[in-house]
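Peer 1: Next one to model:
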Amino acid sequence: MNMMPVTAGLLEPLGESIPLGVYASWSVYYLFGVNPYLWFIVHWFTWIALDYIQLRGIQVRYSVMRSGTL
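Peer 2: Numbering: from 1, shown residues only. Prediction:
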């Protein structure tokens, strides 16, 4: 399985995760008074963890399909 190019791996968070984290941090601060820096850090680590879990799931399924043992 071809891996994602380095540029796509570096640019994807800049186009999606970071702006969403900033917007959510501001919203949660405005609505509930939660520290926006803490919210952004939790958002960022959650995003990375879910990306990793999804990647591992895809890689495992691909290796099982390729080996022929379903």
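Peer 1: Low-confidence bits of the chain, can you list those?
Peer 2: Applying pLDDT under 70 to the chain picks out residues 1-6, 9, 13, 62-70.
Peer 1: give me the element the residue nearest in space to the middle of it is part of.
Peer 2: Central residue of the chain (CA atoms, centre = their mean): residue 47, 3.3 Å from the mean position. Using DSSP states H and E, residue 47 falls within helix 36-67.
Peer 1: What residues sit buried inside that helix?
Peer 2: 36, 39-40, 43, 47 (16 or more other CB atoms under 10 Å). In short, each C-beta sits where N, CA and C put it, glycine included.
Peer 1: and it, what does it pack onto?
Peer 2: helix 18-32 (3 or more CB pairs under 8 Å, 6 or more residues apart in numbering; DSSP states H and E).
Peer 1: and the helix it packs on, what does it pack onto?
Peer 2: Short answer (3+ CB pairs under 8 Å, 6+ apart): helix 18-32 packs on helix 36-67.
Peer 1: how far off helix 18-32 does the helix it packs on point, in degrees?
Peer 2: Interaxial angle of helix 36-67 relative to helix 18-32 (axes from the mean of the first three to the mean of the last three CA atoms, to 10 degrees): 140 degrees.
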